[in-house]
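>>> What would the 3D arrangement of this be:
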Amino acid sequence: MPARRFIRRRLERHGFVADQLGEEMLDALVRLDGALRDLAGGAGVPRGFDPDLFLAPGVPRVRPVLVLLSARAAALSEGAERGADDPHTASGAEHVAVAAELLHIAITLHDAALGQRGGRRRRVARKVLGGAVGWLGANHLTLRALELSRHAPAPEIVGDLLETLREITDGQALAQALQGGEPGSTDQAISLADARSGAVFSFACRAGARLVGADRNVVRSLGRYGRHAGIAWHLADDLWALGLEGDDLLREVADRAASGRTPLAVSIAAQQDPAVGEAWRRLARKADPELAEHLARRVDSAGGLAGERERLALEAWTARKALHALPPSPHREALDQFVARLAV
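Prediction:
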């Protein structure tokens, strides 16, 4: 499938209207896909690292889209110093867009290192991290993200990225603390969502605003949008995992249990039904298909799925509200449609 058509289908699957984004952005996303693989698997990669294990075709590249859309939406705001089509800005935006996606891949790498025993992904991930699975910053993906951010026209972006790394690292420390034990509390489940997708999405949206020299209010508003959109994305992903069946359900749920990534639905259900907590602990030790099905049924009957859907709707609404600080534009509308689709 030609690269452009592939990008279009990927965008539409996640609520973005490709025709609304424009041909220039589609071209940029095609370039970014190639650059991402080159950076993740090029010269200097740790021995034995296969980027195809973590960059499989079809993986959503939502974070680069958020960088580019935020830059274009912020460029239309009052006080913006540069246009999104300025060559220097456009080049910096592509660097930062790749950096944001590298952060996401680094999180995926770390998850694989903490997940269920067995499988090539876990072996490769642990080898790349060199056993230092407690500190996300110690791998080539995050170092390359930092290097890319240095080329952006806004020096504040490097500081934002370092702060994002700190948040991600705190989240991974929480996940490690929950490994193999009781399901995390509802507050801990939201903290995990915030420190993972929330932090990265917020970085992507703030960086877009900084690239065009937007004022502080616009930077804050887009950062708030990204934070809540990221949490909504994380909750939607949990709901998707718990709605699977058979081997797919087993893989997703058992991996979350082993790595301490408690879905909010499991936390809510465990407060009502002790059997949920017991099944979660057992799945962390051994991937049992019947136990995974049992867990999913108990989570649903105890109100876990309904509770997570309710929180997802709240996060999506809060994200959409944050966009009101931006002037109307097709780019603001695209950001709004993306998070609105997550809620349904």
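>>> Show me where the protein dips below the pLDDT cut-off.
Counting by pLDDT under 70, the low-confidence segments of the chain come to 1-4, 6-8, 10-15, 17-24, 26-27, 30, 32, 34-60, 110-140.
>>> for the stretch 101-250 of the chain, what spans make up the helices?
If DSSP state H, counting those that start in this stretch is used as the criterion, the helices of the stretch 101-250 of the chain fall at 120-129, 140-149, 156-178, 186-193, 199-211, 216-242, 246-259.
>>> ok, Gly180 to Trp317 distance?
35 Å (C-beta to C-beta, to the nearest Å). Glycine gets a C-beta too; all of them are placed from N, C-alpha and C.
>>> go on, Leu326?
As defined by C-beta to C-beta, Leu326 lies at a distance of 17 Å from Trp317.
>>> Specify which residue of those two has the higher count of neighbours.
Leu326 (23 against 14; other C-beta atoms under 10 Å).
>>> In contact with the residue nearest the centre of the chain, which residues?
Note on the chain: the residue nearest the mean C-alpha position is Ser197, at 3.7 Å, using C-alpha atoms, centre = their mean. Residues in contact with Ser197, defined by C-beta atoms under 8 Å, 6 or more residues apart in numbering, are Gly230, Ile231, Trp233, His234, Asp237.
>>> Ala236 too?
With contacts taken as C-beta under 8 Å, 6+ apart, Ala236 has the following neighbours: Leu312, Leu342.
>>> The same query, at a cut-off of 10 Å, please.
By C-beta atoms under 10 Å, 6 or more residues apart in numbering, the contact set of Ala236 is Ser197, Glu308, Arg309, Leu312, Glu315, Ala316, Val339, Arg341, Leu342, Ala343, Val344.
>>> okay, those residues in TSV with secondary structure and distance to Ala284 next?
Listed next are the contacts of Ala236 as TSV, based on DSSP: H, G, I helix; E, B strand; the rest coil; distance: C-beta to C-beta, whole Å:
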residue	secondary structure	distance to Ala284
Ser197	helix	22
Glu308	helix	20
Arg309	helix	25
Leu312	helix	25
Glu315	helix	27
Ala316	helix	30
Val339	helix	32
Arg341	helix	32
Leu342	helix	28
Ala343	helix	30
Val344	coil	32
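>>> Closest one of those to Asp85?
Checking the contacts of Ala236 against Asp85 by C-beta to C-beta gives Val339 as the nearest, at 25.2 Å.
>>> Go ahead and confirm that closest one touches Ala229.
Yes: because the distance of 4.7 Å satisfies C-beta atoms under 10 Å, Val339 is recorded as touching Ala229.
>>> Counting neighbours, go ahead and name the busier of those two.
With neighbours defined as other C-beta under 10 Å, Val339 and Ala229 compare such that Ala229 has more, 30 against 26.
>>> list the contacts for the more buried one?
By C-beta under 10 Å, 6+ apart, the contact set of Ala229 is 62, 66, 197-198, 201-202, 204-205, 315-316, 318-320, 322-323, 335-336, 338-339, 342.
>>> burial of Leu174, as a residue count?
A count of neighbours around Leu174, defined by other C-beta under 10 Å, yields 18.
>>> my read: it touches Ile190, true?
No: under the contact definition of C-beta under 10 Å, Leu174 does not touch Ile190, with a separation of 11.0 Å.
>>> shared neighbours of the two, anything?
Among the neighbours of Leu174, those also in contact with Ile190 (C-beta under 10 Å, 6+ apart) are Gly184.
>>> Leaving out chain neighbours, which residue sits closest to Thr275?
One correction, residue 275 is Ala, not Thr. Closest residue in space to Ala275, ignoring its immediate chain neighbours: Arg298 at 5.5 Å, by C-beta to C-beta, 6 or more residues apart in numbering.
>>> now Val266
Distance criterion C-beta to C-beta, 6+ apart; nearest residue to Val266, sequence neighbours excluded, is Pro183 at 5.0 Å.
>>> what about the one you found, how many residues close to it?
Neighbourhood size, Pro183 [other C-beta under 10 Å]: 28.
>>> cool, and Ala258?
When neighbours are counted by other C-beta under 10 Å, Ala258 registers 21.
>>> Could you measure from it over to Arg282?
Summarising the geometry, the distance separating Ala258 from Arg282, computed by C-beta to C-beta, is 11 Å.
>>> hmm, back to that, can you tell me which of the contacts of Ala236 is nearest Arg216?
Out of those, the one with the shortest distance to Arg216 is Val339. That distance is 22.5 Å, counting by C-beta to C-beta.
>>> Now do the contacts for the closest one.
In this structure, Val339 makes contact with 15, 201, 225-226, 228-230, 232-233, 236, 315-320, 322-323, judged by C-beta under 10 Å, 6+ apart.
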